[in-house]
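Engineer: curious how this folds, go ahead:
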Amino acid sequence: MKGWGFPYEEWPQDLKDEYAYNPAAARQLLADAGFPKGFKTNIIVDTASDLKLFEIIKTSFADIGIEMEVRLMESNACTAFVDARKHDQLCSGNTDPSGTVTPPSRRLRVSIRRARLTGR
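Structural biologist: Modelled structure (predicted):
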């Protein structure tokens, strides 16, 4: 998604270090936040999403003590479920029902519109 951020190659080294894969540092952050043994969570995922990406995220979370259940839902059902705020933890929102990646500007506009309509 060109134009939405700075290329990684242009980041200063200290910022690159913050985003580096470092399970030990992540476990320490969790411990500092009061979760020394990690925790359990779940995420609602649209079946049109990149499911391999969510498996990578699930594995990365497991490496630091976070057990994440991935709950798959068909696109329209997923949208309705999340819009009704029935999810109790995380939800994905990177695709529309056609499976097309949604640009950040559209996601922001949709979020703002929903907040205005629902008062949340």
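Engineer: what ranges do the helices span in this structure?
Structural biologist: With DSSP state H as the criterion, the chain has helices at 13-19, 23-32, 51-63, 75-83, 104-118.
Engineer: give me the residue at the spatial middle of this protein.
Structural biologist: In the chain, the centroid-proximal residue (CA atoms, centre = their mean) is S92; its distance is 5.6 Å.
Engineer: from R71, how far off is that one?
Structural biologist: With the distance defined as CB to CB, to the nearest Å, S92 ends up 10 Å from R71. Every residue, glycine included, has its C-beta placed from N, CA and C.
Engineer: determine the residues that are contacts of both of these two.
Structural biologist: I43, I44, V45 (CB atoms under 8 Å, 6 or more residues apart in numbering).
Engineer: these two touch, right, the last one and L51?
Structural biologist: Looking back up the chat, that one is V45. Yes. Shown here, V45 and L51 form a contact pair, counting by CB atoms under 8 Å, at 7.1 Å.
Engineer: between those two, point out the one with more neighbours.
Structural biologist: Using other CB atoms under 10 Å, the more surrounded residue of V45 and L51 is V45, with 23 against 13.
Engineer: ok, the nearest residue to the more buried one once chain neighbours are set aside to A20 distance?
Structural biologist: Nearest non-adjacent residue to V45, counting by CB to CB, 6 or more residues apart in numbering: S92, 4.8 Å away. Noted for S92: a distance of 24 Å to A20, by CB to CB.
Engineer: and if you look at R85?
Structural biologist: On the measure of CB to CB, R85 and A20 end up 35 Å apart.
Engineer: look at these two and report which has more neighbours.
Structural biologist: R85 (11 against 8).
Engineer: where in this structure is pLDDT low?
Structural biologist: Where the chain drops to pLDDT under 70, the residues are 1-2, 93-120.
Engineer: again, only using 50
Structural biologist: By pLDDT under 50, the weakly predicted segments of the chain are 95, 97-99.
Engineer: pretty sure the residue nearest to the centre of the chain sits against I43.
Structural biologist: Yes. With contact defined as CB under 8 Å, S92 and I43 form a contacting pair (6.3 Å).
Engineer: what's the distance between the residue nearest to the centre of the chain and T79?
Structural biologist: 11 Å.
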